[in-house]
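*Asks:* Build the 3D model from these lines:
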Amino acid sequence: MNSKKPINIPIGVTVNKGNVLDLKHFPETYNQVKSKLKKGSLIVFDKGANTVENIKLIQEDKMIYLTSMKLNSSDDKIIEKFDVTKVEQIDSEKGIYGIKIVKPNSIKYFYFSESLQEKQLEAKARTVLKKLQEAKEIQEIIVKNKKLPKKFRINNELIEIDYSFKTKLEELVMMKR
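*Replies:* Next up is the predicted model:
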């Protein structure tokens, strides 16, 4: 028998049409649940709802929040200069490092994970190998002067296609000359 007590974390969920943006949907959900929350409660939401207006709504109610950042150019510069030898080591076994930037109204955290980087690089390498194989297949088809199969013609960054067409008006104009 399990003797652990439940954590009892309140969760607010609303369902809306699929074309309603998170940034518009968030205030509706938040306003439904905020009366049941204590001051200082932690509100967690995804980056789609991360707007100045939504954060202001939370802060006016004396709540705190955790969300994923929408990166901007200054964040890109921080990431670009990220050096694991000059930042805090969070977890040595998992190879996780971080930077904490404290601002007047918020704290930004940047994390680097060696294992995640490795997985991402492996995925990119698989994609590159797949594209290389596709390029070889395309080259063989071109050399044999055959028509490209549909799978290669649709949304393929390896193939540059120029579309041209003539309207009847253009044909008439050309005939008049």
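
*Asks:* use CA for all of it now, contacts and neighbours both
*Replies:* Fine.

*Asks:* ok now the longest helix seen in the chain, how far from the chain's centre?
*Replies:* Longest helix of the chain, by residue count under DSSP state H: helix 114-143. Offset of helix 114-143 from its chain centre (C-alpha atoms, centre = their mean, to the nearest Å): 21 Å.

*Asks:* What of stretch 101-114?
*Replies:* Distance, centroid of stretch 101-114 to centroid of chain: 18 Å (C-alpha atoms, centre = their mean).

*Asks:* Quick one: end-to-end length of that stretch, please.
*Replies:* For stretch 101-114, the first-to-last residue distance is 21 Å (C-alpha to C-alpha, to the nearest Å).

*Asks:* Likewise for stretch 3-17?
*Replies:* With C-alpha to C-alpha as the measure, stretch 3-17 spans 40 Å from end to end.

*Asks:* model confidence over it, on average?
*Replies:* For stretch 3-17, mean pLDDT rounds to 79.

*Asks:* One more: stretch 94-105?
*Replies:* 89.

*Asks:* all helices of this protein, in order?
*Replies:* Using DSSP H, the helices assigned to the chain run over residues 22-33, 52-60, 73-80, 114-143, 150-153, 168-176.

*Asks:* Between the ones you listed, which one is closest to Thr67.
*Replies:* Each of these has some distance to Thr67 by C-alpha to C-alpha; the shortest is helix 52-60, at 9.9 Å.

*Asks:* Could you list every helix and strand in contact with that closest one?
*Replies:* Counting contacts by 3 or more C-alpha pairs under 8 Å, 6 or more residues apart in numbering; DSSP states H and E, helix 52-60 packs against helix 22-33, strand 64-67.

*Asks:* Restricting to C-alpha, output the first one in PDB.
*Replies:* Presented in PDB, the C-alpha positions along helix 22-33 are these (Å, rounded to 0.1, in the frame of the first residue of the first chain):
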ATOM      1  CA  ASP A  22      -1.900  31.100 -26.100                       C
ATOM      2  CA  LEU A  23      -1.200  34.700 -25.400                       C
ATOM      3  CA  LYS A  24      -5.000  35.400 -25.800                       C
ATOM      4  CA  HIS A  25      -6.100  32.200 -24.100                       C
ATOM      5  CA  PHE A  26      -3.900  32.700 -21.000                       C
ATOM      6  CA  PRO A  27      -5.800  35.600 -19.300                       C
ATOM      7  CA  GLU A  28      -9.000  33.700 -19.600                       C
ATOM      8  CA  THR A  29      -7.500  30.600 -17.800                       C
ATOM      9  CA  TYR A  30      -5.600  32.700 -15.300                       C
ATOM     10  CA  ASN A  31      -8.700  34.800 -14.300                       C
ATOM     11  CA  GLN A  32     -10.700  31.600 -13.700                       C
ATOM     12  CA  VAL A  33      -8.200  30.200 -11.200                       C
END
